[in-house]
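Chemist: Compute the structure for the input listed below.
(one chain, ligands or ions: 1)
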Amino acid sequence: MRALDKFELDLKSRAARQLAVDRFMVPGILTEEQVRQVEAAGYTLEIVSDLSLVAEERVQEVSHVNRFAEVAGLSGFEKRAVLGYMTADEVESALVNLQALHPDLVTLIELPNRTWENRVSHAVRVRAGTNMDRAGVLFTGSMHAREWGGSDICINFLVNLINAYRSSSALTYGGKSFPAAQVRTILENLDVFVFPDVNPDGKHYSQTYNPNSGSSQGFWWRKNRNPNTAVGASSPGVDLNRNFDFLWASEIGTSSSPSSFTYKGQSAFSEPESRNVKYLFDTYPNIGYFVDIHSYGGLILYNWGDDNNQTTDPGQNFLNPAYNGKRGSLNDTLYGEFIPAQDKETIVKLADHMNSALAAVRGKNYTVQQSVGLYPTSATSDDYVFSRHIVNGLNRKVYAYTIEFGEEFVPPFSEMNNIIQEICAAMSELCWAAAGT
Ligand SMILES: [Zn+2]
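Modeler: Residues are numbered from 1 along each chain as shown. Modelled structure (predicted):
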């Protein structure tokens, strides 16, 4: 995969698989020109689908009106939400009106950094009861533009959790049910933070691409819309999930070339959208759990992402400059990223719990694995979040995950509705586990 870097392809590295001892497979989105280049270099390509046609189909499934512009829109939420993907405006409206409908439960958090296109973003905190000593859980969605469904998952999760609490009823997702008493425990013992649409400029750009333009590249947008990073006619934008302050300078699995799909930006947290995520951790120090929702791959990923984990040598850690340049190659003895055995046990156990809840919905399992997978990365949200307490001992330790839902970036909305159930079950399970600790 490193040998493929020179083509600057849009590869789904976390979905890469080893097929045989000397054979690997990685999905990607290639232009016809890139197909020719890669084939000419001797690689084997299998064209899975014509993504221009997929884009034309999926864009029909974006809502054309703002269904949640008024508070009343949320009372009929279930019937409305199943009709298609939410727009960036709808996500904002849903949050604002959720607070208006449930002012005793929901705090609207205006995030301090406007996006490059001047959008204001919100997160919410949901809590009930009077317990002042509680941990927080934060869920984020749609950091990557084309991964629309993360926002839909987050809004469904919020509405369902609050409705179950209000009506003292069980929270049911397919074959997985959380009894009313568990729902109550979650909201009375925990702060539930949700930031459903980290990259609204990107989502808007992707959802409003012009199918008649002869190219679907706009639909498959990944980065934000930072206009200052355009070089000549090349594409602007920064990969927000390579812009966090964790080994940012290392360039492991990132690029300093603005035209790259994994362009890391001019500095860690150069982008308003990633700073908005950081703001939540700086402002709400009780957050102890974090899930960043992406697509795709059917994966629940835990730290670390830069190298293989090891539990024996604390000196081999991301802060130690003696190992600069040695990180990021897999299955060698040069370096392994230290994780205390106890943390590893906890982080895997919680991931297994999430997977069990998810699997109970309709019988499909996700794969729980270390996020390094086959392709090391740096400057991602989950590693930054878990590193905060190591960098500064005053910070609370935050167990951090990335969930890669589904089997394509934008599933048909009928399938997205099933995925919403699965991921909401996993999120609820993590809250239940966190509320009991
Ligand atoms: Zn993503």
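Chemist: Could I get the full set of helices for the stretch 1-150 of the chain?
Modeler: Per DSSP state H, counting those that start in this stretch, the stretch 1-150 of the chain carries helices over the ranges 32-40, 51-59, 71-75, 77-81, 88-101, 149-166.
Chemist: between those helices, which gets nearest to Tyr209?
Modeler: Taking CB to CB as the criterion, Tyr209 comes closest to helix 51-59 out of those, the separation being 6.8 Å. The way it works is simple: take the backbone N, C-alpha and C, and place the C-beta from them, glycine included.
Chemist: So which bits of the closest one are buried?
Modeler: Neighbour-count burial for helix 51-59, counted by 16 or more other CB atoms under 10 Å, picks out Leu51, Val54, Ala55, Arg58, Val59.
Chemist: Show residues contacting that helix.
Modeler: With CB atoms under 8 Å, 6 or more residues apart in numbering as the test, helix 51-59 has contacts from Ile29, Tyr85, Gln207, Tyr209, Pro211, Ser215, Ser216, Phe219, Trp220, Glu408, Val410, Pro412.
Chemist: Which pair in the residues you listed has the greatest spatial separation?
Modeler: The span of the contacts of helix 51-59, defined through CB to CB, is set by Ser215 and Pro412 at 21.7 Å.
Chemist: Just the C-alphas of stretch 110-126, formatted as PDB.
Modeler: Only the C-alpha atoms of stretch 110-126 are listed here, as PDB (Å, rounded to 0.1, in the frame of the first residue of the first chain):
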ATOM      1  CA  GLU A 110     -22.600  26.100  20.200                       C
ATOM      2  CA  LEU A 111     -19.100  25.200  19.000                       C
ATOM      3  CA  PRO A 112     -16.700  28.100  18.900                       C
ATOM      4  CA  ASN A 113     -15.200  27.700  15.500                       C
ATOM      5  CA  ARG A 114     -17.200  28.400  12.400                       C
ATOM      6  CA  THR A 115     -16.400  26.300   9.300                       C
ATOM      7  CA  TRP A 116     -14.700  27.700   6.300                       C
ATOM      8  CA  GLU A 117     -18.100  28.300   4.700                       C
ATOM      9  CA  ASN A 118     -19.200  30.100   7.900                       C
ATOM     10  CA  ARG A 119     -21.500  27.400   9.200                       C
ATOM     11  CA  VAL A 120     -22.200  27.300  12.900                       C
ATOM     12  CA  SER A 121     -22.000  23.800  14.400                       C
ATOM     13  CA  HIS A 122     -23.700  22.400  17.500                       C
ATOM     14  CA  ALA A 123     -23.300  19.500  19.800                       C
ATOM     15  CA  VAL A 124     -25.700  18.600  22.600                       C
ATOM     16  CA  ARG A 125     -25.300  17.300  26.100                       C
ATOM     17  CA  VAL A 126     -28.100  15.100  27.400                       C
END
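Chemist: Work out the gap between it and the centre of the chain.
Modeler: 17 Å (CA atoms, centre = their mean, to the nearest Å).
Chemist: Can you list the neighbours in contact with that stretch?
Modeler: Residues outside stretch 110-126 that contact it (CB under 8 Å, 6+ apart): 88, 92, 95-96, 98-99, 105-109, 136, 158, 161-162, 187, 191-201, 204, 224-227, 272-273, 275-276, 279-280, 284.
Chemist: Okay then, goodbye and thanks.
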